[in-house]
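>>> next comes the sequence, and after it the predicted model I'd like to discuss.
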Amino acid sequence: MDQHRHLDPQVQKKLQQNVVNSMIRDNMEMLLDLSEECFSECVSKFPSKTLDRDETSCIENCADRYLKLRLRVGQKFQYYQAVKVQEMRKKKEQEEISR
């Protein structure tokens, strides 16, 4: 948030709170998606209140795969965003040179 140093402290605080709220919302959505996907994939009946060993193992593996996939997607997104920013900077520099 260094680029927002020139903003009023109340505006900075509001921006920071919005970022935190967005992160919390994103994490809650991810947890709900993970729960729904893994539960649907691994649990087919409800003979008791607890999961059996196979269901527990399936859910653990499913959650592990889900989280690894989300991490990889996030890393790829960051990479492509960095490339895009670098391309935009080069384009801007070339435009300034040609002026």
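Nice, thanks for sending it over.

>>> so what does the longest helix seen in the chain touch, helix or strand wise?
Longest helix in the chain by number of residues, with DSSP state H as the criterion: helix 53-98. When contacts are defined as 3 or more CB pairs under 8 Å, 6 or more residues apart in numbering; DSSP states H and E, helix 53-98 packs onto helix 9-42. C-beta here means a position set from N, CA and C on the backbone, and glycine is covered the same way.

>>> show me the shaky parts of the protein.
Along the chain, segments meeting pLDDT under 70 span 1-5.

>>> try 50
Counting by pLDDT under 50, the chain has low-confidence residues at 1.

>>> give the residue farthest from the middle of the protein.
Within the chain, residue 99 marks the point farthest from the mean C-alpha position, 40.3 Å out by CA atoms, centre = their mean.

>>> between the longest helix of the chain and helix 9-42, how big is the angle?
In terms of direction (axes from the mean of the first three to the mean of the last three CA atoms, to 10 degrees), helix 53-98 departs from helix 9-42 by 140 degrees.

>>> any idea how far helix 53-98 is from the chain center?
Relative to the centre of its chain, helix 53-98 is centred 9 Å away, using CA atoms, centre = their mean, to the nearest Å.

>>> what of stretch 31-45?
19 Å.

>>> what's residue 43 sitting at in phi/psi?
phi -120, psi 120 (degrees, to the nearest 10).

>>> ok, it - contacts?
51, 55, 59 (CB atoms under 8 Å, 6 or more residues apart in numbering).

>>> only whichever of the residues you listed are buried, select them in PyMOL.
Burial among these is assessed by 16 or more other CB atoms under 10 Å; the matching PyMOL selection reads:
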select buried, resi 55+59
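
>>> between the contacts of residue 43, which is closest to residue 12?
Distance to residue 12, by CB to CB, is smallest for residue 59 among those, at 41.4 Å.
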